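A.B. asks: this one's sequence-less:
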Ligand SMILES: *Cc1c(COP(=O)(O)O)cnc(C)c1O
């Protein structure tokens with residue numbers, strides 16, 4: 001029986017590459033001749049060791065991560081990092097800079113503030129409902145780190161280039177654009193990403209953490225809230241989310257071996273985003289919500305002439321097997337999330353549908 005699949009534009013959990021799902025399906029009952037499923041084997045087994053070590057090695061290769069960083073697989077999502085980052089990297093007396101570019105940045109700021117940490121919001125785009133990425137930011141030279149959100153999943157903006165902090169380590173929430181393009185790790189003290197947008201299923205969060213930052217953690221920090229705990233045990237201090245890490249391993253294998261690495265991934269993503277944005281820009285019916293120089297190649301946000309038209313659009317799209325196009329409940333409008341796994345065919349189909357819808361309604 002052939003499964004029916006739709007074009008999935010969900011923001012997260014989101015589309016996975018079909019070959020990855022097929023590989024999971026083919027191996028689900030008997031993993032590598034073990035006679036057990038990946039969901040049944042011990043995380044202390046040779047089988048799982050190979051999975052996690054290969055996943056770590058692929059992260060290191062794709063991002064060219066040096067020995068001065070650890071690659072960690074954590075639970076609690078990106079959201080737990082919002083509080084763990086200041087807990088681990090902000091010893092008493094130190095301050096950190098934050099840039100507020102949307103809903104997720106705001107949450108990260110709140111988690112530092114409720115701990116009473118002396119942080120400073122050095123830039124914000126809240127004045128225009130987060131439609132842009134701030135420029136010419138005055139960073140504090142003595143900040144312990146500067147936290148940014150590389151891609152704003154809900155508002156549809158993305159840092160095209162990362163800001164120069166004058167040597168202060170950047171800490172970036174990359175949940176919705178990790179592995180979408182090549183990355184130069186040097187300016188970063190830490191990057192982290194919940195897997196369920198651009199890297200795998202829900203249940204695991206990838207973190208790449210520089211050793212010197214990890215060492216700043218105060219002695220009274222509980223074991224499970226300490227990055228060094230996971231670094232010392234290859235992310236297996238306690239039972240890791242084995243299945244999610246396995247799926248991430250397969251997605252990274254697909255990025256490396258099928259797509260051809262992050263340069264090729266970036267070219268694909270650029271072509272997809274351009275196809276959709278150039279159509280929206282040329283139309284008077286659809287209007288992009290993010291400033292042109294700040295818009296995201298992962299989450300394309302747009303409005304129609306009325307909320308009623310938007311509701312019709314989302315409903316009729318789904319009837320045409322185009323799912324997940326409703327904007328986040330906090331902003332309304334429409335959003336097409338076009339992560340790594342979304343093929344160009346999906347964008348072509350979407351643009352065709354948008355043309356037809358406009359012709360019918362406009
Ligand atoms: C989805 C998302 C989060 C939340 O991730 P969880 O894994 O659900 O905690 C955080 N930051 C960004 C940028 C996101 O897109």
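C.D. replies: Sure thing, it's come through. Bear in mind the structure is a predicted one, so any value in this text is a computation, not a measurement. Numbering: from 1, shown residues only.
A.B. asks: helix, strand or coil for residue 192?
C.D. replies: strand (DSSP: H, G, I helix; E, B strand; the rest coil).
A.B. asks: Return the residues of the chain in contact with the ligand.
C.D. replies: 12, 77-79, 104, 149, 153, 173, 175-176, 194, 197, 205 (C-beta under 6 Å from any ligand atom). In this view, the C-beta of every residue, glycine as well, is placed from N, C-alpha and C.
A.B. asks: got those residues as CSV, with secondary structure and pLDDT columns?
C.D. replies: Below are the residues of the chain next to the ligand laid out as CSV (DSSP: H, G, I helix; E, B strand; the rest coil; pLDDT from 0 to 100):
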residue, secondary structure, pLDDT
12, coil, 96
77, helix, 98
78, helix, 98
79, helix, 98
104, helix, 98
149, strand, 98
153, coil, 97
173, strand, 98
175, coil, 98
176, coil, 98
194, strand, 98
197, coil, 98
205, strand, 98
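A.B. asks: Which of these sits closest to residue 124?
C.D. replies: Proximity of these to residue 124 was ranked by C-beta to C-beta; the top entry is residue 149 with 11.7 Å.
A.B. asks: Could you give the number of residues near the closest one?
C.D. replies: 30 (other C-beta atoms under 10 Å).
A.B. asks: who's in contact with it?
C.D. replies: Contact analysis of residue 149 by C-beta atoms under 8 Å, 6 or more residues apart in numbering lists 99, 101, 102, 104, 105, 108, 172, 173.
A.B. asks: Which residue ranges of this structure form strands?
C.D. replies: 7-8, 69-74, 96-100, 119-124, 146-149, 151-152, 157-158, 170-173, 188-194, 205-210, 287-288, 299-303, 322-323, 334-337 (DSSP state E).
A.B. asks: Paired strands for the first one, with orientation please.
C.D. replies: The pairing partners recorded for strand 7-8 under DSSP bridges are strand 322-323 (parallel).
A.B. asks: Show residues contacting the partner strand.
C.D. replies: 6, 7, 8, 9, 10, 317, 346, 349, 350, 353.
A.B. asks: one step back: which one of the strands of the chain lies closest to residue 244?
C.D. replies: strand 69-74 (8.1 Å).
A.B. asks: So, low pLDDT: which residues of the protein?
C.D. replies: 1, 362 (pLDDT under 70).
A.B. asks: Who are the packing partners of the lengthiest helix in it?
C.D. replies: Longest helix in the chain, counting residues (DSSP state H): helix 262-282. With contacts defined as 3 or more C-beta pairs under 8 Å, 6 or more residues apart in numbering; DSSP states H and E, the packing partners of helix 262-282 are strand 287-288, strand 299-303, helix 344-361.
A.B. asks: which residues touch it?
C.D. replies: 62-63, 179-183, 255, 259, 286-288, 295-298, 300, 302, 336, 338, 340, 342, 344, 347-348, 350-351, 354-355.
A.B. asks: go with 7 Å
C.D. replies: 62, 179-182, 255, 259, 286, 288, 295, 297, 300, 302, 336, 338, 340, 342, 344, 347, 351, 354 (C-beta atoms under 7 Å, 6 or more residues apart in numbering).
A.B. asks: Ok, stretch 94-112 next?
C.D. replies: 79, 82-83, 86, 90, 118-126, 130, 133-134, 137, 139-140, 143-149, 152-155, 157, 168, 173, 330.
A.B. asks: from the middle of its chain, how far away would it be?
C.D. replies: 17 Å (C-alpha atoms, centre = their mean, to the nearest Å).
A.B. asks: Check stretch 159-166 too.
C.D. replies: Counting by C-alpha atoms, centre = their mean, stretch 159-166 is centred 18 Å from the centre of its parent chain.
A.B. asks: Identify each buried residue in it, please.
C.D. replies: For stretch 159-166, the neighbour count (16 or more other C-beta atoms under 10 Å) marks 159, 163, 165 as buried.
A.B. asks: Report the separation between residue 126 and residue 134.
C.D. replies: As judged by C-beta to C-beta, to the nearest Å, residue 126 and residue 134 stand 10 Å apart.
A.B. asks: Quick check on those two: which one has the bigger neighbour count.
C.D. replies: residue 134 (18 against 14).
A.B. asks: which residues touch the more buried one?
C.D. replies: Going by C-beta under 7 Å, 6+ apart, residue 134 touches 99, 123, 124, 125.
A.B. asks: related to what we said a few turns ago, let me know the closest of the residues of the chain next to the ligand to residue 229.
C.D. replies: residue 205 (14.6 Å).
A.B. asks: In this structure that closest one contacts residue 82, no?
C.D. replies: No - look at residue 205 against residue 82 with C-beta atoms under 7 Å: they stay out of range, at 11.0 Å.
A.B. asks: picking that back up, now the contacts of stretch 94-112: which count as buried?
C.D. replies: 79, 82-83, 86, 90, 119, 121-125, 130, 133-134, 137, 139, 143-149, 152-155, 157, 168, 173.
A.B. asks: quick one, domains of the chain?
C.D. replies: 21-259, 261-361 (automatic domain parsing).
A.B. asks: Distance from the chain centre to the last one, please.
C.D. replies: The chain centroid and the centroid of domain 261-361 are separated by 18 Å, computed with C-alpha atoms, centre = their mean.
A.B. asks: how about the helices and strands packed on helix 262-282, which one is nearest residue 68?
C.D. replies: Across those, closest to residue 68 is strand 299-303 (C-beta to C-beta), at 31.8 Å.
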